[in-house]
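Chemist: Predicted model follows, preceded by the sequence.
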Amino acid sequence: MTRALVSVVIPAYNAGPFITEALQSVLGQTYSNLEVIVVDDGSTDDTRERVAAFGGRVTLIPQANSGAAVARNTGIRYSHGTYLAFLDADDVWLPNKVARLVEALERSADAGAAYHGYVAMEETGAVVGQPVIPAHDGDVLQPLLLGCFFGPPMVMIPRACLNRVGGFDPDLKLGEDWDLFLRIALAGLPIRRVPEVLVRCRAHRMNTTRDLARTAVFGRIVLDRTFADPRLPARLLTQRFRIAAYKTHAIFQAGRCLRAGLWPDGVELFLEAARLDPRMLSHPSSYLDLALRTLPLADQTWPALARHADQATALLTNVLDGVFRSSGLPVELARQKRPAWSALWMTIAVVQALARRYSVATATSGRAFVTDPLTVAAALARAGTGRWMSIPCLWRPVRAAATERT
């Protein structure tokens with residue numbers, strides 16, 4: 001029996017250094033019924049020549065530079081497959097990627113998409129950090145509103161689903177994938193997880209940091225749209241959940257900006273989260289969240305935080321100092337100064353304890369108590385319930401040997 005045709009769409013802009021490896025990873029799939037479409041998005045390097053070297057095995061569609069959303073939509077329009085899979089031109093699929101996702105979608109005929117885990121790699125191709133796999137399956141609307149936990153290189157979508165909900169929104173220069181995935185979830189279509197690492201995602205100097213602040217802006221647009229959608233279930237329409245979604249987005253983006261050295265943007269985004277929920281400044285979990293988000297994406301773990309204890313201490317201190325030095329600080333935030341510093345010292349004590357610097361941790365805990373004993377008492381009460389994190393973990397670090405299969 002002939003297996004369903006899978007259309008692989010690869011948007012490429014000045015992808016010459018990496019496109020050959022990306023295409024080889026697609027053509028080396030164990031699943032053979034593929035059509036491969038590269039949409040050259042106005043490249044000025046040798047991307048087209050490198051794609052042309054693959055001959056008839058790859059369809060090349062050139063277009064004027066229009067962005068990833070338009071390029072993916074162009075590929076969808078020219079494709080014929082039952083299923084659509086997407087790969088960024090600098091990433092690499094593992095050989096079983098397509099087979100695993102087709103199996104997942106064939107097992108769940110009503111699914112709107114299937115997705116899997118990833119591992120990060122350097123520009124050279126060396127794997128870095130911890131492999132991670134998805135934690136959510138089925139109705140993922142609520143966790144998806146708290147952050148986009150998969151991207152185009154990790155997903156496969158039935159054509160019937162795209163016909164129903166539409167493609168990537170070309171008006172969104174960033175966040176267009178999150179918007180599409182939310183529309184799939186809003187349509188009531190389950191999204192299935194494949195608990196394996198099936199792609200290596202490359203971080204390199206061509207991944208510009210200048211778009212990070214803009215990502216936060218477009219993310220707010222995506223959230224605005226979703227919360228205005230009449231299909232949103234009543235359980236997600238509460239003010240508490242809405243604040244949690246916007247706050248979580250702001251903290252995620254603050255971490256990304258700070259990780260890239262964009263301090264003013266990072267501080268402003270953390271302040272944006274605090275404006276939404278001033279009491280978060282008195283919770284150590286807020287600072288632990290931020291410290292973890294500033295670590296490399298694939299290594300946001302407690303052991304990694306312990307290894308970077310001094311950097312985390314300096315970063316958190318500078319961020320909170322920046323918050324209270326901000327002009328026009330609302331009164332409700334200004335009133336949080338003592339609780340905020342107390343919570344921060346508690347956070348630093350936790351980080352130092354993770355690093356097994358117990359004398360420093362003890363001294364810092366004392367400083368927290370002297371600053372505001374009520375904040376310490378409240379934080380310890382919350383910690384006793386296991387609530388150390390205020391942002392849920394969207395990905396689960398795992399051991400490479402257990403997940404990166406070929």
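Modeler: Noted; the coordinates are in hand.
Chemist: quick one: low-confidence parts of the stretch 101-250 of the chain?
Modeler: 204-210 (pLDDT under 70).
Chemist: Would you map the strands across it?
Modeler: Along the stretch 101-250 of the chain, the segments classed as strands by DSSP state E, counting those that start in this stretch run 113-121, 127-134, 155-158, 191-202.
Chemist: Tabulate those in JSON lines, adding columns for distance to residue 58 and mean neighbour count.
Modeler: The C-beta positions use only the backbone N, C-alpha and C, and glycine is treated the same way. JSON lines is the format used below for these (distance: least, C-beta to C-beta, whole Å; neighbours: other C-beta atoms under 10 Å):
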{"stretch": "strand 113-121", "distance to residue 58": "23", "mean neighbour count": "25"}
{"stretch": "strand 127-134", "distance to residue 58": "26", "mean neighbour count": "20"}
{"stretch": "strand 155-158", "distance to residue 58": "19", "mean neighbour count": "24"}
{"stretch": "strand 191-202", "distance to residue 58": "19", "mean neighbour count": "22"}
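Chemist: With distance to residue 71 added, can I get those strands in JSON lines?
Modeler: JSON lines is the format used below for the strands of the stretch 101-250 of the chain (distance: least, C-beta to C-beta, whole Å):
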{"stretch": "strand 113-121", "distance to residue 71": "19"}
{"stretch": "strand 127-134", "distance to residue 71": "25"}
{"stretch": "strand 155-158", "distance to residue 71": "16"}
{"stretch": "strand 191-202", "distance to residue 71": "18"}
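Chemist: same for the longest helix seen in the chain, what does it pack against?
Modeler: Counting by DSSP state H, the longest helix found in the chain is helix 239-259. Counting contacts by 3 or more C-beta pairs under 8 Å, 6 or more residues apart in numbering; DSSP states H and E, helix 239-259 is packed against helix 141-145, helix 212-228, helix 263-276, helix 284-293.
Chemist: Tell me the helices and strands packed up against the longest one.
Modeler: For helix 212-228, the contact count by 3+ C-beta pairs under 8 Å, 6+ apart identifies helix 176-186, helix 239-259, helix 263-276 as packing neighbours.
Chemist: can you list the weak-confidence ranges in the stretch 251-400 of the chain?
Modeler: 297-298, 384-400.
Chemist: Strands along that one, start to end?
Modeler: 395-397.
Chemist: Where do the helices of it begin and end?
Modeler: 263-276, 284-293, 302-307, 309-324, 331-334, 337-354, 358-371, 373-383, 400-403 (DSSP state H, counting those that start in this stretch).
Chemist: List every C-alpha atom in the longest one, with coordinates, as PDB.
Modeler: Looking back up the chat, that one is helix 337-354. Output of helix 337-354 as PDB, limited to C-alpha atoms (Å, rounded to 0.1, in the frame of the first residue of the first chain):
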ATOM      1  CA  LYS A 337      10.500  47.400  47.200                       C
ATOM      2  CA  ARG A 338      11.300  45.800  50.600                       C
ATOM      3  CA  PRO A 339       9.400  42.500  49.900                       C
ATOM      4  CA  ALA A 340      11.000  42.400  46.500                       C
ATOM      5  CA  TRP A 341      14.600  42.600  47.800                       C
ATOM      6  CA  SER A 342      13.800  40.100  50.500                       C
ATOM      7  CA  ALA A 343      12.400  37.700  47.900                       C
ATOM      8  CA  LEU A 344      15.500  38.300  45.800                       C
ATOM      9  CA  TRP A 345      17.900  37.500  48.700                       C
ATOM     10  CA  MET A 346      15.900  34.300  49.300                       C
ATOM     11  CA  THR A 347      16.300  33.400  45.600                       C
ATOM     12  CA  ILE A 348      20.000  34.000  45.700                       C
ATOM     13  CA  ALA A 349      20.200  31.800  48.800                       C
ATOM     14  CA  VAL A 350      18.500  29.000  46.900                       C
ATOM     15  CA  VAL A 351      20.900  29.400  43.900                       C
ATOM     16  CA  GLN A 352      23.900  29.400  46.200                       C
ATOM     17  CA  ALA A 353      22.600  26.300  48.000                       C
ATOM     18  CA  LEU A 354      22.300  24.600  44.600                       C
END
